[in-house]
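Novice: Everything below, folded, please.
(chains A, B and C)
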Amino acid sequence: MNVSTSLKVRLPAFVLLSEVVMLLLYAFFVTYDDNANAKLQNNETNPMENSVYQDYPYFADVQMMIFIGFGCLLAFFRFYGFSGMVFNFLTATFSIQWAILIQGFFQFYYAGKIHLGVINLLYAEFACAVVLISFGAVIGKTSPIQLLVMALLEIPFFAVTEWAVLKYIRITDAGGSILIHLFACYFGLGVTFALYRPSLNEGHSKEITSYHSDILSLMGTLFLWVFWPSFNSALTFKGDDQHRAILHTFLGLSSSTITAFALSAVFNKRGKLTMADIQNVTLAGGVTVGASVDMMISPVAAYALGIMGCTACFFGYRYLTPFMARHMRIQDQCGIHNLHGLTGLISSTAGICAILLATEETYGPSMYQIFAHRAPPEGDPKLLELQRLIPGLKPGLGRTAQEQALYQVAAIFSTIVASAVGGLLTGWVIKLPFMASPSDTDCFDDDLFFDMPSDFDSVKGPRTSISYEEKVQMSSMNTKVDTGRQSL
Amino acid sequence: MNVSTSLKVRLPAFVLLSEVVMLLLYAFFVTYDDNANAKLQNNETNPMENSVYQDYPYFADVQMMIFIGFGCLLAFFRFYGFSGMVFNFLTATFSIQWAILIQGFFQFYYAGKIHLGVINLLYAEFACAVVLISFGAVIGKTSPIQLLVMALLEIPFFAVTEWAVLKYIRITDAGGSILIHLFACYFGLGVTFALYRPSLNEGHSKEITSYHSDILSLMGTLFLWVFWPSFNSALTFKGDDQHRAILHTFLGLSSSTITAFALSAVFNKRGKLTMADIQNVTLAGGVTVGASVDMMISPVAAYALGIMGCTACFFGYRYLTPFMARHMRIQDQCGIHNLHGLTGLISSTAGICAILLATEETYGPSMYQIFAHRAPPEGDPKLLELQRLIPGLKPGLGRTAQEQALYQVAAIFSTIVASAVGGLLTGWVIKLPFMASPSDTDCFDDDLFFDMPSDFDSVKGPRTSISYEEKVQMSSMNTKVDTGRQSL
Amino acid sequence: MNVSTSLKVRLPAFVLLSEVVMLLLYAFFVTYDDNANAKLQNNETNPMENSVYQDYPYFADVQMMIFIGFGCLLAFFRFYGFSGMVFNFLTATFSIQWAILIQGFFQFYYAGKIHLGVINLLYAEFACAVVLISFGAVIGKTSPIQLLVMALLEIPFFAVTEWAVLKYIRITDAGGSILIHLFACYFGLGVTFALYRPSLNEGHSKEITSYHSDILSLMGTLFLWVFWPSFNSALTFKGDDQHRAILHTFLGLSSSTITAFALSAVFNKRGKLTMADIQNVTLAGGVTVGASVDMMISPVAAYALGIMGCTACFFGYRYLTPFMARHMRIQDQCGIHNLHGLTGLISSTAGICAILLATEETYGPSMYQIFAHRAPPEGDPKLLELQRLIPGLKPGLGRTAQEQALYQVAAIFSTIVASAVGGLLTGWVIKLPFMASPSDTDCFDDDLFFDMPSDFDSVKGPRTSISYEEKVQMSSMNTKVDTGRQSL
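Specialist: Have a look, this model is predicted:
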């Protein structure tokens, strides 16, 4: 049976409906944050101390990662460059505007309104990154409608999980290893489990790269690599915490990159390098340092974490991804379980170790700022004493290191469970027949959802062997076919 | 008649002459701005409060838009990638150095000198953006000489208009919808009207894209998209104004993007997406929020403006551009009238509405800062009162909202008239025979002005059908031809 | 004799060994800089005054230049895009982590530890730029092992030279014309002299570009162009010095760009533009303003320096590079001697002139800050007087302008000698047989070190003329070959 994949009605209907909903929600619920509100500026506010100057540079850097970095990275298939880049653009844009509202209700809602500033955009970008990571699991096998519905559902699942974990379990996770990477990974695996396509388990003839798509994808990697320190440090405390987050991310990426080259060469039959390793495994270090990125773990620990994350990620690609596809009905297209799941688990574990090892001797009194829940509770005389040393210190819960470590463990498990369940449910929803899901044959092919330029046929080449006679016939037919076959 | 298009004498002559002129002008008239002058630094100046730290980040972001964003976006033709990117590079570079001088005379001239700081570069980049937008109307049909002469003339036309409108009409236009987008659009249409090529009205065989040029162009779009908030907010007041400008631009782009996808699908015969829509129409929101970008229009208004601008832009591409080409002798190659003209008009109208609706209740006393011309004039007791609340407030003209709205209307009309006339005159000048204008056949072809790599012939493919015998002959001729025909 | 070029053992061995060494060194010697150390934060430190906010934006910009800018620029060969981009990635990553340690010992070592902050990363990026410039001389003819060993040796050579010149000769060189560009250039020439391949003197059949590699490379140029002001100003004094450095770099690049276009056209047989000129010669101005980039040289001087540097660079490419290859056994693949050597020499000379012409009348008292070694020595009463005007002024050596000029000359010569000797020694080391050096035939070919996607054969095309019969045979063989031959 051929299900229609035309976007003519579905896409506009979805967009129109969501725009009406958003217009209403924005109209009734969204107002300016104090830093963006003209009325609250007066002779006591200094324009240069507006929060926009602290948040915007990081927002802009993460924008580069999301739109350019992910966009190029996901354009790695030979016949799926338009889709990789364009669906990323569409999904990201929709996710951010949706996340501004949903996260807004959970985190920036007071006096009956969501208060909007650049900080909300920054949070929304993190929610968007979650959706794009999950997208990686199902790229090539999903329609834009499915991706939009996935974003529509994943954002609330994520916002609720984030809110519940931060409000009730209360964890320390500056780089988002638990809430971003683990959530995104297991949600994506849930979705791809529901969308299982048995006939693709042996691979698809279009599941290949080309010389140019590989270069484009590597450019995406490089953009992600360059801006990852901004990503990991965007939501830390200002000052030394952010400083360390940048240093650790750089060191982790750095050691992970050279390790990826070594592993790529040693496990290649002919001792050559494999582009897919360089496009993906090099980034493992950025995730692995995440959970402890702002702590005093020492530079060498960041370096070591990069090596460990990269190694786990590499072997994940080599052994675990094929195993999960064959035996667990989990077809993880980009291997997000390696780059975000395994590394996220290592990172969370490292974060727990860092929590257990933290002492006032190493951190000084600002330990109670970084590990906010270990700060003495309101009313404790020690709090006043600490506040003299660290003026902005907020009262905490008076947890011990061991208690905090247990809460981190609880957060890891709850996040994994919540995301996997959310992913499964979402997968079942987007499997519904009117979602324009591509047939197995049409996967990994731009032609399904795009008007293609005339040279695309030649990029693709004939699908099956063409006889000599046919070729001769084609070559004398007309210019257009000719141009197609030979150019670009 | 074949007019020579060799650049051998013309380009160096133009460059040499302009360099001599610039060296003289720079030598006699350009000195450092106070913030860049070592002599004025002393124990009362704080290096970290130097204006460079407020201006440079925005300058750098706009640089990315101009050189990378526009460069890639304009490389969308299959056989015109070199030209799109390289002529953009040349024209932009020349425009900025020329605008530093011309704008300098109008805006940064005192004590007999133009005072140069990064802020001048920022202004010059905006002038450069004007030239590049106009370039969009005539891309593919102009020689680099014509583009340089166009820049040479457009910059002064623009600088005079900008100066006259700001000094005499006095308007509010933070994002440059009137002075940048409308000016650039109608100037470009004037030029292309003068350069009308009847034989190209039915299209040109090389007026096509390729798989890779489309991807490259989309990358350009993404760079513009990512940095547009910096563009729209670069020249606003610091603090909450700039904060709002960033928020509104992001929201406008965001809603405009998803709308573009919906419209692209619904108006495509087979319900597919069209890359040209995604490359261009998605950006409409950025222009549409321009004129009111720093005002308290509320987030939902920015969202709605994005939808409106995108819709106008989309239908402009579909109906207006072909109509203007067929019936008005206006061949608008990139459809700048849709992306900058229609959206600019909507934006200006929205700006007028925002002016009419502005109240002290919404803005507080800083209303007189944003709508500077509504501030009480020098000597008015209300001014002193306001200055106690908003320390840096400058005396204004005491205009009412209605008066200001009328001035905005006057500015819109004057700008359109000035730019269209300037464009026509410029078009007639660059139509002169020694400007190396390409023949109709040679349009949209890199080969005319570049030494091409050997594979370019294969990118192009044979122009007319090649017989079987010829192909056989070619294939056995020699390696070079072969390489050419089959590779990349 | 065929030497093996497999990376299976060599690359992992090198990486493993260096990781063990680095882990040990990082563990024993690297700790946090005061600005990144939580323990040193207290109620007297203001988080927003942390040094990270002064250094990180420049670090991020230079990251873009190194990973994206150089990466794309070096991907200019038709069959060597993977290698250009990937080896740049590997070499840069390794160089930075190695430079953090080596430079750390010379510049950030006290109390028994290297103190690590973002400022070290910034310094390390400059060391990395040195390695990548030298890489330009030998690109296409070296294995990744050779490049890593080159980085391993060049970084200490550079760090020692930098330390000795700055500590003993004491020079002024804000943009690094002497220590970065001249060092990198003559080191690279030393290496390529040692690696001389006589059979490549007549050119190599794969030493060509393609339509897409040229565009990619131009994108690299544009990224370098856009961020060069950050590069040249990253290490100047804050405030007006940095402001001027940005202005001068922009002006220099700008005049150099339009000059490059003029020269390209005038020296082309058919009056067309040559992409290689636009990719390389346009950047000459950025180097040429380097040595005097923060001085009060006046804007027109920066403009003029751009023209001079560009002209020297252009003629270097045209006459000097072929001459050196033919008569001096120096095969300078990317022409680094033109873009970094000749321009570096002009820049250094201009720096000396600027030193000789500097007067207190032009600079005010801050002259003794910019020309630090001319400041009065400790104990001189003039020092106290100056310190009242310029609070942070450090005691200097009381040198006259003439003395300082002589020291600059000494620094130029010592740097050239040290780098050339270091390059020669390094070249001899990486010529050793187990370095996986590619054979002459395999140069400029990605296939040697990468698993290539199936369409790479078609990118390459047949190496020698294929007879008609063979083609027919191939075309009917199987899909894979077909896809390969005809697509992308």
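Novice: where along the stretch 151-300 of chain A do the helices fall?
Specialist: Here the stretch 151-300 of chain A has its helices, by DSSP state H, counting those that start in this stretch, at A:183-194, A:211-233, A:240-266, A:275-280, A:284-288, A:299-315.
Novice: Turn the ones you listed into TSV, including mean neighbour count and mean pLDDT.
Specialist: From N, CA and C alone the C-beta is placed, and that goes for glycine too. As requested, the helices of the stretch 151-300 of chain A are exported to TSV (neighbours: other Cβ atoms under 10 Å in any protein chain shown; pLDDT from 0 to 100):
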stretch	mean neighbour count	mean pLDDT
helix A:183-194	28	98
helix A:211-233	26	97
helix A:240-266	28	97
helix A:275-280	22	96
helix A:284-288	34	97
helix A:299-315	25	97
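Novice: nearest residue to A:His248 other than its sequence neighbours?
Specialist: Using Cβ to Cβ, 6 or more residues apart in numbering or on different chains and skipping the chain neighbours, the partner closest in space to A:His248 is A:Ala302 (3.9 Å).
Novice: returning to that earlier point: so which of the helices of the stretch 151-300 of chain A comes closest to C:Leu153?
Specialist: Closest approach to C:Leu153 among those (Cβ to Cβ): helix A:240-266, 16.9 Å.
Novice: What count of nearby residues applies to the nearest residue in space to A:Arg10 that is not next to it in sequence?
Specialist: Nearest non-adjacent residue to A:Arg10, counting by Cβ to Cβ, 6+ apart: A:Ile145, 5.1 Å away. Neighbours of A:Ile145 under the rule other Cβ atoms under 10 Å in any protein chain shown: 21.
Novice: A:Ile145 - that's part of a strand, no?
Specialist: No: the assignment for A:Ile145, made by DSSP: H, G, I helix; E, B strand; the rest coil, is helix rather than a strand.
Novice: Hmm, A:Met435 and it touching each other?
Specialist: Yes: between A:Ile145 and A:Met435 there is a contact under Cβ atoms under 8 Å: 5.2 Å.
Novice: which residues do the two both contact?
Specialist: A:Arg10 (Cβ atoms under 8 Å, 6 or more residues apart in numbering or on different chains).
Novice: Tell me which residue of the stretch 251-400 of chain A lies closest to chain C.
Specialist: Going by Cβ to the nearest Cβ, chain C is nearest to A:Gly271 of the stretch 251-400 of chain A, at 3.1 Å.
Novice: Look up how far C:Asp451 lies from A:Leu273.
Specialist: A:Leu273 sits 7 Å away from C:Asp451 when distances are taken as Cβ to Cβ, to the nearest Å.
Novice: what comes up buried for the longest helix that chain A contains?
Specialist: If you go by DSSP state H, chain A has its longest helix at helix A:401-430. Neighbour counts using 16 or more other Cβ atoms under 10 Å in any protein chain shown place A:401, A:404-405, A:407-408, A:411-412, A:414-416, A:418-420, A:422-427, A:429-430 of helix A:401-430 among the buried residues.
Novice: now that helix and helix A:183-194, what's the angle there?
Specialist: Here helix A:401-430 runs at an angle of 30 degrees relative to helix A:183-194 (axes from the mean of the first three to the mean of the last three Cα atoms, to 10 degrees).
Novice: Check which helices and strands helix A:401-430 sits against.
Specialist: helix A:144-164, helix A:183-194, helix A:343-357 (3 or more Cβ pairs under 8 Å, 6 or more residues apart in numbering or on different chains; DSSP states H and E).
Novice: Please work out the average pLDDT along it.
Specialist: Helix A:401-430 shows a mean pLDDT of 97.
Novice: just stretch A:71-80 next, same as before
Specialist: Stretch A:71-80 comes out at a mean pLDDT of 96.
Novice: Extract the CA atoms of that stretch and return them as CSV.
Specialist: Extracted C-alpha coordinates of stretch A:71-80, given in CSV (Å, rounded to 0.1, in the frame of the first residue of the first chain):
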residue,chain,number,x,y,z
GLY,A,71,22.5,21.4,10.1
CYS,A,72,25.8,20.5,8.3
LEU,A,73,26.5,17.5,10.5
LEU,A,74,23.1,16.0,9.6
ALA,A,75,23.6,16.6,5.9
PHE,A,76,26.0,13.6,5.8
PHE,A,77,23.9,11.3,3.5
ARG,A,78,24.7,11.5,-0.2
PHE,A,79,21.1,11.9,-1.3
TYR,A,80,19.7,13.5,1.8
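Novice: Please name the nearest non-neighbouring residue to A:Cys334.
Specialist: A:Cys334's closest residue in space is A:Gly136 (Cβ to Cβ, 6+ apart), at 3.6 Å.
Novice: Can you tell me which residues in the stretch 1-150 of chain A are near chain C?
Specialist: A:54, A:57, A:61, A:78 (Cβ under 8 Å from any Cβ of the partner chain).
Novice: filter these down to the ones close to chain B.
Specialist: Subset of these in contact with chain B: A:Pro57, counting by Cβ under 8 Å from any Cβ.
Novice: distance of the residue of the stretch 101-250 of chain A found nearest chain C from chain B?
Specialist: Nearest residue of the stretch 101-250 of chain A to chain C: A:Gly239, at 2.8 Å (Cβ to the nearest Cβ). Distance, A:Gly239 to chain B, by Cβ to the nearest Cβ, to the nearest Å: 16 Å.
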